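Asker: build me a model from this:
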Amino acid sequence: MTITHVQFLTLPVADHARARDFYVGKLGFEALVDRRTPEGGRFVMVAPKGAKTGVVLTDQQVTGTAGGPRHFQLQSTDLDADVAALRTAGVEVADPQAWPWGRATSFRDLDGHVVGLLEPSDFGAVPR
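Answerer: Numbers count the residues shown, from 1 in each chain. Prediction:
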């Protein structure tokens with residue numbers, strides 16, 4: 001196998017611009033791609049700065065998936081600072097909880113997707 005990383009994950013959204021503005025404006029992601037497709041739709045991809053994995057925001061049904069909100073998790077090096085920044089940006093964030101694998105919290109994006117935020121302990125760290 002020569003797989004090196006996850007390229008992107010896809011999240012269904014109601015409005016591309018609104019979703020892009022949430023991920024870029026409130027979470028500090030970069031807008032990597034935002035262009036029209038030949039079929040008249042839009043291809044919008046955002047990602048944390050320097051990340052190898054992007055998030056594609058789609059307004060089309062993703063074949064083979066059940067409906068409803070999705071969940072994904074982001075990693076943090078300073079959970080308390082990120083929680084404070086999110087709250088300052090108007091995002092409702094749960095109070096962090098301690099787990100054997102690290103400290104974690106979660107919030108919802110504008111389309112109801114649950115976004116987890118983890119500051120891993122040595123036990124929970126994923127090697128790069």
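Asker: who's in contact with residue 22?
Answerer: By CB atoms under 8 Å, 6 or more residues apart in numbering, the residues touching residue 22 are 109-110. C-beta coordinates here come from the backbone N, C-alpha and C atoms, glycine included.
Asker: in stretch 13-27, which residues are buried?
Answerer: Using 16 or more other CB atoms under 10 Å as the test for burial, stretch 13-27 gives 13, 16, 19-20, 22-23, 26-27.
Asker: ok, stretch 26-37 next?
Answerer: 26-27, 29.
Asker: please convert these to TSV, extending it with pLDDT, secondary structure and distance to residue 46.
Answerer: As requested, those are exported to TSV (pLDDT from 0 to 100; DSSP: H, G, I helix; E, B strand; the rest coil; distance: CB to CB, whole Å):
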residue	pLDDT	secondary structure	distance to residue 46
26	96	helix	11
27	95	coil	8
29	96	coil	4
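Asker: all helices of this structure, in order?
Answerer: In the chain, the helices defined using DSSP state H lie at 16-21, 79-88.
Asker: what does the last one rub up against?
Answerer: Right, the one you point to is helix 79-88. 26-28, 76, 93, 96, 103-105, 107, 117-119.
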